[in-house]
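1. Structure for the following, please:
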Amino acid sequence: MTKAICVLHVGPGYGQRGGVASVLEELRAAKTMFEENSIRVAFFETRGFKTTKDRLLFLLLDLPRFFLRVWNDVDVIHFHVSARGSALRNLMLFRATRMLRRKVIFHWHSNNLTECIERSNGWFKAALREFIESSDDAIGVSTEMATDIRQFRKGASVRVIGNCARNAEQVALQGPARAIDARHLQPYVAFSGRFVEEKGLRDMFAAIAILKKKQRHIHVKLAGAGEKDRWVDLAQQLDIVDCVSFAGWLTGDGLMDFYRNARAFCLPSHGESFGLSTLEAMLCGLAVVGTRTGGFLDLVKEGETGYLVETGNAAKLAEALERVHDDPGAAWRMGEAGRQYGLARYSFKSVCAQYISCYRELRSP
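-> Here you go, the predicted structure:
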């Protein structure tokens, strides 16, 4: 009988949320599928570095605990790394891993890897480059992210493995979405994400203001959390308060209903490593208006499943929003094409199969 490969996933825990945490939740749900392929998965949660207490607990508790966990029958350590804090934590754990001669995967979940390295101090810059270069395999969540990694890998393997969205996939498997005219009483464009500058909210609000001046009243409903007061103030300054509403932080069926009742989805992000909310919206049958960056380039087929505009171009964003809003039939066809594309390329089973292939190849002599 073939000995099972034991893979330890290292990533955020202790109540942290965000893109990487979502990926780890999907991987936890795939435990049975992995076991059917002779792969045992385990998880080592890292805590945030926001407080002195957390940093001390990491050094005094997490580092020794990690060393003991890796020593105990682990074949592959799969590091899930992002620019915000986790790069430093994972780098320290990576050092311990190399002492034990285990196989290592560097999995990058953020934008601007080059910028992250170049802005670092001398020690961290060199150590992070070594982390990327000497890992036994590397994964980028989109083609653009994998391209960023390759410049530090000296020809070594770099894979592209996107994310999946099981809740939205279950919605997609129910069949085509309702006709747009049969959805929510008040048509709206959906946004889902953090209320921060890099998500392109300023560009979106400017686009809505442009349309309002043309007597085109398009309503945007935002789901998420963050600096809400700041964006309410901006909406007041632009005189679009009547065109913007906030739905709060949504999860589960509430988030799926939010997508299914919308006319289209818009995320004019300045940088999106993958775009999980975009995939969720596509699987729920929405046409997408996004930007020509990161994961959008993999997810959105221009003119077929949505439209992409240059980052920061509010005028072009307004044009794209107007097109999907004013032609419900075309928007529905784009949404249906996106649903089918999402199921074909980013299903739970197909994404997990790519991980399984990666682990088996690492185990091979």
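
2. buried residues in stretch 343-353?
-> For stretch 343-353, burial by neighbour count (16 or more other Cβ atoms under 10 Å) applies to 343, 346, 347, 348, 351, 352. To be clear about C-beta, it is placed using only N, CA and C from the backbone, and glycine gets the same treatment.

3. Ok, stretch 116-129 next?
-> Buried, per 16+ other Cβ under 10 Å, within stretch 116-129: 116, 117, 120, 127, 128.

4. Please apply the same query to stretch 80-95.
-> Neighbour count says stretch 80-95 has 80-83, 85-94 buried, by 16+ other Cβ under 10 Å.

5. Same check on stretch 50-64?
-> Here stretch 50-64 shows 54, 58, 62, 63 as buried, counting by 16+ other Cβ under 10 Å.

6. got it, and stretch 357-365?
-> Neighbour counts using 16+ other Cβ under 10 Å place 358, 359, 362, 363 of stretch 357-365 among the buried residues.

7. what about the second one, which helix or strand?
-> To tie it back to what came earlier, the one meant is residue 359. helix 348-363 (DSSP states H and E).

8. following the lowest-mean-pLDDT helix or strand in the chain, which helix or strand comes up?
-> Lowest by mean pLDDT, DSSP states H and E among the helices and strands of the chain is helix 86-99, with a mean of 81. Downstream of helix 86-99, the first helix or strand assigned by DSSP H and E is strand 103-108.

9. Quick one: distance of stretch 31-49 to the chain centre.
-> Relative to its chain's centre, stretch 31-49 lies at 19 Å (Cα atoms, centre = their mean, to the nearest Å).

10. going forward, begin numbering at 694 instead of 1
-> Will do, 694 is the new start, and the previous item becomes stretch 724-742.

11. Okay, buried residues for it please.
-> Those would be 726, 727, 732, 733, 734, 736, 737, 739, 740, 741, for stretch 724-742 by 16+ other Cβ under 10 Å.

12. Go through the buried residues of stretch 809-822 and say which is closest to residue 1031.
-> residue 809 (30.6 Å; Cβ to Cβ).

13. Any stretches of the stretch 744-893 of the chain with poor pLDDT?
-> Low-confidence segments of the stretch 744-893 of the chain (pLDDT under 70): 777-778.

14. Turn the buried residues of stretch 1036-1046 into JSON lines, including distance to residue 919 and pLDDT.
-> Below are the buried residues of stretch 1036-1046 laid out as JSON lines (distance: Cβ to Cβ, whole Å; pLDDT from 0 to 100):
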{"residue": "1036", "distance to residue 919": "30", "pLDDT": "98"}
{"residue": "1039", "distance to residue 919": "26", "pLDDT": "97"}
{"residue": "1040", "distance to residue 919": "30", "pLDDT": "97"}
{"residue": "1041", "distance to residue 919": "28", "pLDDT": "95"}
{"residue": "1044", "distance to residue 919": "28", "pLDDT": "96"}
{"residue": "1045", "distance to residue 919": "31", "pLDDT": "96"}
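
15. all helices of the stretch 794-943 of the chain, in order?
-> 806-811, 815-827, 836-843, 859-865, 894-906, 921-930 (DSSP state H, counting those that start in this stretch).

16. got it, and the stretch 944-1058 of the chain?
-> Ranges of helices within the stretch 944-1058 of the chain are 945-953, 969-976, 989-992, 1007-1019, 1021-1038, 1041-1056, based on DSSP H, counting those that start in this stretch.
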